[in-house]
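**Student:** Give me the fold of what follows.
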Amino acid sequence: MPQQAKPQALEQLRNVGKAALADFSRLGVTNVRQLAEQDADALYVRLMRETGRRHDPCVHDLFAAAIHQARTGEALNWWVFSPARKARQAAGAFPSFES
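**Tutor:** Have a look, this model is predicted:
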């Protein structure tokens, strides 16, 4: 199987649309190289703190998928990351919003 080329722009990432681009912009993430250095938990917590509200945990899954693609070039759907996040939620090991 040939290796997929890494996207050069955030807009080229499989799961990134207008809302995700707005979130990344708010968080100061402006390019794929910068995204590859991020942590999904940290981005998710920062987004909740900066907006002052809880966000759907699927946003975390999207962050995880986008970071994975930025690092590896492998474009996976965001819901591939949901089972691991749900297991962490069940174990009480997933970040939560506390205002």
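**Student:** okay, CA-based contacts and neighbour counts for the rest of this
**Tutor:** Fine.
**Student:** What helix or strand is the spatially most central residue of the chain located in?
**Tutor:** Centroid check for the chain by Cα atoms, centre = their mean gives residue 63 as the closest residue, at 0.5 Å. Following DSSP states H and E, one finds residue 63 within helix 57-72.
**Student:** and that helix, what does it pack onto?
**Tutor:** Using 3 or more Cα pairs under 8 Å, 6 or more residues apart in numbering; DSSP states H and E, the elements in contact with helix 57-72 are helix 32-36, helix 40-51, helix 82-90.
**Student:** ok, back up a step: quick one, what contacts the closest residue to the residue nearest to the centre of the chain other than its chain neighbours?
**Tutor:** The spatially closest residue to residue 63, leaving aside those adjacent along the chain, is residue 40, at 5.4 Å (Cα to Cα, 6 or more residues apart in numbering). Residues in contact with residue 40 (Cα atoms under 8 Å, 6 or more residues apart in numbering) are 60-61, 63-64, 67.
**Student:** Now do the buried residues in the helix holding residue 63.
**Tutor:** Using 16 or more other Cα atoms under 10 Å as the test for burial, helix 57-72 gives 57, 59-71.
**Student:** Pull out the buried residues from stretch 20-33.
**Tutor:** 20, 23-24, 29, 31-33.
**Student:** ditto for stretch 7-17
**Tutor:** For stretch 7-17, by 16+ other Cα under 10 Å, it's 7, 10, 13-16.
**Student:** which residues are contacting it?
**Tutor:** 21, 30-32, 62, 65-66, 69-70, 73, 75-78.
**Student:** got the helices and strands packed on helix 57-72 as a markdown table, with mean pLDDT and distance to residue 98 columns?
**Tutor:** Formatted as a markdown table, the helices and strands packed on helix 57-72 follow (pLDDT from 0 to 100; distance: least, Cα to Cα, whole Å):
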| stretch | mean pLDDT | distance to residue 98 |
| --- | --- | --- |
| helix 32-36 | 98 | 25 |
| helix 40-51 | 98 | 8 |
| helix 82-90 | 97 | 15 |
